[in-house]
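For reference, the sequence and a predicted model appear below.
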Amino acid sequence: MLHNVLNSGLLNDTEIPFAIARVATGLFFALSGFHKLFNRARHRTLVNTLKDCGVPCVPAMQWFVPGVELSAGLGLAFGFLTPLAALGLIAICVVATCTDGVKRIRSWQPLDKADAVDDLLYLPEFVYIILLSFFVAAGAGPLSLDAIISSYL
């Protein structure tokens, strides 16, 4: 059946894996944001991390960060305003990399600058920045709300 769909001309062989990557990435952020908002232990961990990293305005950021994760994650998962949602998530990942990520890299005691770069590339936040960049550049693809909406406009 998948062969028939791919050979029908409606989809090419890269659009399904692209949609799976978009949905999985969006679900990761949506679930993470949801738990940081509604689970007391996860929320407390977030607040402590924000304080330890010296993030300003913790009373606002403790709600803003997971709110963006939840809403932008859902947008990404459903393919709604995908480039905008991905940009919001990139901003969160950049801040996380520059604050908590740098602290983790220092704690690993890199052997030299090359090892520090290797450690940076190892951070999940950095990998998500690269992945989200594809969604900013390429949009959501044809299996998305963005595509459905644009077909009516």
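Received it, and whenever you're ready, just let me know what you need.

For residue 71, which residues are in contact?
33, 85 (Cβ atoms under 8 Å, 6 or more residues apart in numbering). C-betas here are computed from N, CA, C, even on glycine.

burial measure for the closest residue to residue 63 other than its chain neighbours, as a count.
Counting by Cβ to Cβ, 6 or more residues apart in numbering, residue 63 lies nearest to residue 37, which is 7.3 Å off, once chain neighbours are set aside. The tally of other residues near residue 37 (other Cβ atoms under 10 Å) stands at 17.

And residue 37, what's its pLDDT?
The confidence metric pLDDT takes the value 98 at residue 37.

Now do the SS call for it.
What DSSP: H, G, I helix; E, B strand; the rest coil gives for residue 37 is helix.

Pull up the gap between it and residue 90, please.
Distance from residue 37 to residue 90, counting by Cβ to Cβ, to the nearest Å: 20 Å.

for the chain, what spans make up the helices?
Secondary structure of the chain (DSSP state H): helices at 2-7, 15-38, 40-52, 58-78, 82-96, 102-107, 113-122, 124-138, 145-152.

Would you single out the least confident of these?
Per-stretch mean pLDDT for the helices of the chain is lowest at helix 2-7 (a mean of 50).

residue contacts, the most centrally placed residue in the chain?
Of all residues in the chain, the one closest to the mean position by Cα atoms, centre = their mean is residue 89, 4.8 Å from it. Listed by Cβ under 8 Å, 6+ apart, the contact set of residue 89 reads 29, 68-69, 72-73, 76, 128, 132.
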